[in-house]
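What shape does this take:
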Amino acid sequence: MLYNIDMQVCGLIFDLVLIFFVIRHESVGLYSEKIFKQCLFVYSCCIILDIASIIAIKNDHVVSPFVVTAACKLYLISLMLSALYGFLYSYSDIKHLRDNLTFKKIVYTVALLGGIVIAILPISTFDNGGEVYSYGPSAVATYFFAPLFIVGAFVLTFIYGSQMNIHKRRAIRAWMSLEIIAALIQFMLPELLLVGFGSSLGLFILYAELENPERYLDKVTGCFSYDTFNMYLTQEFSELKRFSSIIICNSADWKRSEEEENSILVEMTEYLHSFGAKLFRLQGNDFVLVYDNQGEHEMNEIESAVNLDVMRLRFKQAWNGDILLNTKFLYIPDGHIATTFDEYMDIYSRYKDTFTNAEDMKTLDDQAGQSIREYRQIVLEIKDALSSDRVEVFYQPIYSISTEKFVSAEALARIRGKDGKLVMPGKFIPVAEETGLIEQIGERVFEKTCKCITEDKLKEKGIDYVEVNLSVSQCENPHLSAKYDDIMKKLGVSPSEVNLEITESSTLNQRSILLENMNKLMNLGCNFSLDDFGTGESNLNYIMDMPVKIVKFDRGMVQEYFTNEKARVVITATVNMIKELGLQTVAEGIETSEQFEEIRELGIDYIQGFYFSKPLEKNEFIRFINEKNS
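Purely as a prediction, here's the structure:
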């Protein structure tokens, strides 16, 4: 007995091989992954039903006509369902389509209508010995409804192509093209039963390009990779699923050979897999365990406490025989302290380096998430302020003891919010320094200060120079001196009218670059102050290393002078030593007339503080100087 099922058998073998490779790996749980598995099941059923329908036709002399008709129509319906699932897969990564109930109702209504039409319409069979197939109105209906979904999937790759990665677009187009070609050939030559094989070949392409479980794995450890964690967590947040997680924070540098590090990572992975959660490798040597609090990997509070205790105890022991690691743990009972993958990673990045020596675990709650959201909001505020010119300069006058006039001022950065209110420096400066945006702010403040010096003729009003702060990152920028020279030349500012403030800092990595910048700017005519003396390294060696002309005592140190006798002795001695070095001094934070008199007796050269004035907006500062210096 001959059957023309060679192509179907080949397609079924393809599908069985794919099923074997898919089920032998742990599932990530991605939406596209689930749809692909459903596609694989439906396509396999379609081929089996195709084979069954041929066998039924071939044996119509022993099988009732109802069974033959049912087998043929079930095959045709499964063929349409295969096309439907291909269409569902094509938009599996497009969330707004997945969540659109109206769209889904239309799709399923078309599929239901197609199934009903195929089931109702008559069908005929053909058997000439070597060729066996079905035909008739029911088959024609199948060739109408199935291409609707096939063409629809193809069209979606163009309409929503920007929301798909290039590999997915290509794979779906290749898959659907094979489906269309096979369907056309079979429609014109029904004895060539190519549709099932074409579908299986398309699935094989999809597997090779996108759904191979190996692509989700980290190559060294075999657990899920960082990129997979991104996809998984993005899906969890979009679907508002509850989950908890434990982040294992290892040192970034174990100072071991690559072979030893890999051995430790593999051993660690095998151990962490025993906790029954999805395990992902993060950047470097860190891992994260994710517990699905709505499904099979759920972990309650008691279990999490036990798991953490057991885990912490194991990580205090040696790995790879004799290697001890200083591992820390971040426990996040509710993953929705973050709202996006980027927020989650920001929380992880911020808190992984905040452990004291005595700590090995932190529990992070909503406050951690809120802190990150505020941080990100400030970053956006700074960027928007820079782009829309809402960075302003306020000036705090500085009083000269010898001339009894205001001879200079400190330029201070402020940001004006969209609501017109000021964002205070204590809120945005630390964020700007951490993100590197402080360089743009510093340059903007310097340029506006230079404009003020020339446009408002500060020299004629008694202001000899204006002090402008330099951040650590600016000091480490080898192009700083050239940039500032260009700005001063462009605005016609004499370098002697600018005094640049640097801050004591043990974090200054490129001190040689700072010294080079300072020497170039000093050769142009700029002078330098050492700002906030008493808050950094706090030693006179810093003063001797840096070619500064002025030393500014930090407000906190100055306030100690009035309340702490030991501080009084230290500051008095320090002022005398600085004077012997030929440098001038500024006391910041003077607030009362009594403080002013005491500091004047100490021999300080300049006074800055609320006793005279708070930092003033430019026009207010000009009025203040005109009034006080006249």
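
okay, Ala65: pLDDT?
For residue 65 the amino acid is Pro, not Ala. The predicted local confidence for Pro65 comes out at a pLDDT of 88.

For stretch 77-92, buried residues please.
Within stretch 77-92, the residues that count as buried by 16 or more other C-beta atoms under 10 Å are 77-92. Every C-beta, even on glycine, is put in place using the N, C-alpha and C of the backbone.

With only the CA atoms kept, save that stretch in CSV.
Taking C-alpha atoms only, stretch 77-92 is exported to CSV below (Å, rounded to 0.1, in the frame of the first residue of the first chain):
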residue,chain,number,x,y,z
ILE,A,77,-8.8,23.1,10.7
SER,A,78,-5.4,22.3,12.3
LEU,A,79,-3.7,23.8,9.2
MET,A,80,-5.6,27.0,9.7
LEU,A,81,-4.7,26.9,13.5
SER,A,82,-1.1,26.5,12.5
ALA,A,83,-1.3,29.7,10.5
LEU,A,84,-3.1,31.3,13.5
TYR,A,85,-0.3,30.4,15.9
GLY,A,86,2.3,31.7,13.5
PHE,A,87,0.4,35.0,13.5
LEU,A,88,0.2,35.0,17.3
TYR,A,89,4.0,34.5,17.5
SER,A,90,4.7,37.3,15.1
TYR,A,91,3.4,39.9,17.6
SER,A,92,4.4,38.1,20.8
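
quick check: mean pLDDT across it?
Across stretch 77-92, the per-residue pLDDT values average to 88.

Tyr331 reaches Asp360, doesn't it?
No: Tyr331 is beyond contact range of Asp360, at 11.1 Å (criterion: C-beta atoms under 8 Å).

residues of the longest strand along the chain that come out buried?
When secondary structure is assigned using DSSP state E, the longest strand within the chain turns out to be strand 405-416. Using 16+ other C-beta under 10 Å as the burial criterion, the residues of strand 405-416 that qualify are 406-416.

Quick one: list the elements packing against the helix or strand just after it.
Following the chain from strand 405-416 toward its C-terminal end, the next helix or strand by DSSP states H and E is strand 422-423. Based on contacts counted as 3 or more C-beta pairs under 8 Å, 6 or more residues apart in numbering; DSSP states H and E, the elements that strand 422-423 packs against are helix 366-387, strand 405-416.

go again using 7 Å as the cut-off
Secondary-structure packing of strand 422-423 (3 or more C-beta pairs under 7 Å, 6 or more residues apart in numbering; DSSP states H and E): strand 405-416.

so the strand it packs on versus helix 366-387, what angle?
Strand 405-416 and helix 366-387 meet at an angle of 110 degrees, taking axes from the mean of the first three to the mean of the last three C-alpha atoms, to 10 degrees as the criterion.

ok, residues contacting strand 405-416?
Strand 405-416 is contacted by residues 381-382, 385, 390-400, 422-423, 425, 428, 441, 445, 449, 462-468, 608, 615, 621, 625, 628-629 when judged by C-beta atoms under 7 Å, 6 or more residues apart in numbering.

Have a look at this structure and report its longest helix.
With secondary structure taken from DSSP state H, the chain has its longest helix at helix 31-58.

so how far is it off the chain centroid?
Its chain's average C-alpha position is 40 Å from that of helix 31-58, according to C-alpha atoms, centre = their mean, to the nearest Å.

and what of stretch 382-398?
On the basis of C-alpha atoms, centre = their mean, stretch 382-398 sits 27 Å off its chain's mean C-alpha point.

Could you measure from the spatially most central residue of the chain over to Ser124?
Against the mean C-alpha coordinate of the chain, by C-alpha atoms, centre = their mean, the closest residue is Asp342 at 3.2 Å. With distances defined as C-beta to C-beta, to the nearest Å, the gap from Asp342 to Ser124 amounts to 59 Å.

Mind jotting down where the strands sit in the stretch 201-350 of the chain?
In the stretch 201-350 of the chain, strands defined by DSSP state E, counting those that start in this stretch lie at 243-249, 278-281, 287-292, 328-332, listed in chain order.

Could you list the low-confidence segments of the stretch 501-630 of the chain?
Under the criterion pLDDT under 70, the flagged ranges of the stretch 501-630 of the chain are 504-509, 535-541.

rerun at 90
Counting by pLDDT under 90, the stretch 501-630 of the chain has low-confidence residues at 502-518, 530-548, 554-557, 567, 570-571, 574, 577-578, 580-582, 630.

just so I have it, where are all the helices in it?
All helices of the stretch 501-630 of the chain, identified by DSSP state H, counting those that start in this stretch, fall at 511-524, 540-545, 555-563, 565-580, 593-602, 618-629.

So what's the gap between the longest one and the chain middle?
Averaging C-alpha coordinates over helix 565-580 and over its chain gives two centres that are 49 Å apart (C-alpha atoms, centre = their mean).

That'll do, ta.
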